[in-house]
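Chemist: Let me see the structure of the following:
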Amino acid sequence: MSALFVTGTDTGVGKTFVACALATALRQRGRRVAVMKPVETGVEGEPADALALRAAAADPAPLDDICPYRLRAPLAPAVAARLEGVTIDVARLVALVARRRQEADVLLVEGAGGLVVPLDARTTYAELAARAGLPLLIVGANRLGVINHCALTARVAAGAGLAVRGFVLSQPSRETDRSGATNAETIAALTGLPVLAILPHCTAPEDVAALLADVWV
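Modeler: Residues are numbered from 1 along each chain as shown. Okay, here's the model as predicted:
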């Protein structure tokens, strides 16, 4: 496994945080890590997610290779692109993923939102991952509702012929609920896929990097 696509069950569930923590963990093992955020929306000035990924990975690549599409509107990529008169070239993204895989030991690609978020009128992130040959890591927020969200994402992945490495449950906010104690075991039993890590709430990805040791084996 030389590459991994980090997707989420929704927006705001901690994808960038998990991807940064995983990049840190891999670097601590002596791996050369490349990163990509193919499309970032809601960008006013600099793309915050892409820059966080680049810093965590110490990736020297130009920003245009890490985040080739940077769009202003905080909307789904297809919608934000249409508003700016931009066409997202999925074939270009697939080719860029293939090239970036050759530039490091590991390539981490972070999506936006979930697997069926559209890149154009017909193409979702699921199709991008399939065409690029990327296995998935699914990130969900460890709160009420995540069981359904994880199971639905896993079914979409299976329907698209995508391999799923497993789930990481994050804690994006300080607030917790009773479901947090049982979500992981329920998700694993329901989907037949492992929950590879359960992360506590914190602000620094490097503080939880050690908890992601089982993600990359």
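Chemist: Residue 53 - nearest residue in space that isn't next to it in sequence?
Modeler: residue 35 (4.1 Å; C-beta to C-beta, 6 or more residues apart in numbering). The way it works is simple: take the backbone N, C-alpha and C, and place the C-beta from them, glycine included.
Chemist: Kindly report the same for residue 47.
Modeler: Nearest to residue 47 is residue 40, by C-beta to C-beta, 6+ apart, at 4.3 Å.
Chemist: who does the one you found bridge with?
Modeler: residue 70 (DSSP bridges).
Chemist: quick revisit: does the residue nearest to residue 53 touch residue 108 like I think?
Modeler: Yes - counting by C-beta atoms under 8 Å, residue 35 touches residue 108, with 5.0 Å between them.
Chemist: anything in contact with each of those two?
Modeler: By the contact definition C-beta atoms under 8 Å, 6 or more residues apart in numbering, residue 35 and residue 108 are jointly contacted by 19, 23, 53, 57.
Chemist: what's next to the helix or strand where the third one lies, contact-wise?
Modeler: For residue 53, the enclosing helix or strand under DSSP states H and E is helix 48-57. Applying C-beta under 8 Å, 6+ apart, the set of residues contacting helix 48-57 from outside is 16, 19-21, 23-24, 26-27, 33-37, 40, 59, 61, 63, 66-67, 70, 108, 110, 205-206.
Chemist: Which positions in it come out as buried?
Modeler: 49-50, 52-54, 56-57 (16 or more other C-beta atoms under 10 Å).
Chemist: quick check: mean pLDDT across it?
Modeler: What helix 48-57 shows for mean pLDDT is 98.
Chemist: Quick check: which helices or strands does the helix or strand just after that helix pack against?
Modeler: Reading on from helix 48-57 to the C-terminus, the next helix or strand found by DSSP H and E is helix 63-66. Contacts defined by 3 or more C-beta pairs under 8 Å, 6 or more residues apart in numbering; DSSP states H and E place helix 63-66 against strand 33-36, helix 48-57.
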